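> structural data only, the sequence is not supplied:
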């Protein structure tokens, strides 16, 4: 759950056809826009899809051929980008669907 203002980035948001592969990229953009709305947190430019790919290449996570591709990224890459751009450490929790999840919500 998220509280507060943010910009919802979605498929085709900036005219790029990212249907079928852009969900994690758009998640990064939406999360960064939320942090930008916090007045006590630093404000940064929301990266483009190509910016995200370029960062992943620069940190050594992806090969140079990744830039300009329509390859998927996942939770690990989202955490790498949040660390690089915002300095935020992430923790990825793997949870299966079930009653225990509902207890924590």
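Done, it's in. This one's a predicted model, so the numbers in the text were calculated from it and none came from an experiment. Numbers count the residues shown, from 1 in each chain.
> so, low pLDDT: which residues of the chain?
The chain contains residues with pLDDT under 70 at 1-2, 39-40, 98-105.
> pick out the residue closest to the middle of it.
Centroid check for the chain by Cα atoms, centre = their mean gives residue 28 as the closest residue, at 1.8 Å.
> roughly how far does that one sit from residue 96?
Using Cβ to Cβ, to the nearest Å, one obtains 25 Å as the distance from residue 28 to residue 96. Bear in mind the C-beta positions are built from the backbone N, C-alpha and C, glycine included.
> go on, residue 10?
As for residue 10, its distance to residue 96 is 27 Å (criterion: Cβ to Cβ).
> who has more neighbours, these two?
residue 10 (13 against 6; other Cβ atoms under 10 Å).
> is it true that that one touches residue 29?
No. In this structure, residue 10 is not within contact of residue 29 by Cβ atoms under 8 Å, at 9.3 Å.
> and residue 71, how many residues sit next to it?
11.
> how about residue 53?
That count, for residue 53 with other Cβ under 10 Å as the rule, works out to 21.
> for it, what are its contacts?
Shown in contact with residue 53 (Cβ atoms under 8 Å, 6 or more residues apart in numbering): 62, 66, 67, 68, 69.
> so what's the closest residue to residue 73 other than its chain neighbours up against?
Distances taken as Cβ to Cβ, 6 or more residues apart in numbering put residue 24 closest to residue 73, at 4.6 Å, once the chain neighbours are dropped. For residue 24, the contact set (Cβ under 8 Å, 6+ apart) comprises 72, 73, 74, 75, 77, 78.
> so which of the residues you listed belong to helices?
Using DSSP state H, the subset of those located in helices is 75, 77, 78.
> the helices in this structure, which residues?
Applying DSSP H to the chain gives helices spanning 23-37, 49-58, 75-86, 99-104.
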